[in-house]
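# Here is my input; please provide its structure:
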Amino acid sequence: MWIALTIVAIILFFPLSIINFFAVLIHYGLSWKTLNGFFRQTAIDIDRFGNHNFRTLLNLTLRTKEGYEFGNFKETISSALGKNQRDNTLTKTGKIICKILDFLHKEHCLKSINQII
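Below you'll find the model as predicted:
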């Protein structure tokens, strides 16, 4: 039963995300503030989900054994990456991901530390 429900949830996620985007625009109006807020919150929510749901993979591949653990649902992947970056406990893969994120947004990982919602 849970496998079927997971598959349905994954299938519905993308179309519902698009419909929700338009519902937000209709309800709040088309403005930079609305768009920015919508995408910011969506990115944070997906990031938090990923940090919790993919914790085993993230802990095995992005940090050393001594590093700060991924998995807190209230924390983003970026925050956990930032803590490991600060503590110099990232693996080579973790460092590459931080470099990519930092290229897109200067000091993204470090700036994301302690932004636990």
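# separation between the closest residue to Glu66 other than its chain neighbours and Leu81?
Spatially, and ignoring its direct neighbours in sequence, Glu66 is nearest to Thr89 (5.6 Å; CB to CB, 6 or more residues apart in numbering). Every C-beta, even on glycine, is put in place using the N, C-alpha and C of the backbone. As judged by CB to CB, to the nearest Å, Thr89 and Leu81 stand 10 Å apart.
# okay, the two: which has more neighbours?
Leu81 (29 against 16; other CB atoms under 10 Å).
# Count the residues that sit near Gly94.
Neighbours of Gly94 under the rule other CB under 10 Å: 22.
# meant to ask about Ile18
There are 9 residues near Ile18, going by other CB under 10 Å.
# Also Lys92?
Lys92 is flanked by 9 other residues according to other CB under 10 Å.
# List the buried residues in the biggest helix by length in the chain.
Using DSSP state H to define each element, the chain has its longest helix at helix 2-28. By neighbour count on 16 or more other CB atoms under 10 Å, the buried set for helix 2-28 is Val24.
# Over to stretch 87-96?
Using 16+ other CB under 10 Å as the test for burial, stretch 87-96 gives 89-90, 94-95.
# what's the span of that stretch, first residue to last?
One end of stretch 87-96 to the other measures 16 Å (CA to CA, to the nearest Å).
# again, but for stretch 48-59
15 Å.
# Report the outermost residue of the chain with respect to its centre.
Centroid-distance maximum for the chain: Met1 at 27.4 Å, with CA atoms, centre = their mean.
# and this protein, what are its domains?
Domains of the chain are assigned by automatic domain parsing as 1-28, 31-112.
# quick one: Arg86 and Ile113 touch, right?
Yes: the pair formed by Arg86 and Ile113 meets the contact definition of CB atoms under 8 Å, at 6.8 Å.
# Now do the same for the residue nearest the centre of the chain: its pLDDT.
Central residue of the chain (CA atoms, centre = their mean): Asp47, 1.4 Å from the mean position. Note on Asp47: pLDDT of 93.
# any idea which helix or strand carries it?
helix 32-53 (DSSP states H and E).
# neighbouring contacts of that helix?
Applying CB atoms under 8 Å, 6 or more residues apart in numbering, the contact partners of helix 32-53 are 17, 21, 24-25, 28, 58, 70-80, 117.
# Since that was my last question, I'll sign off now.
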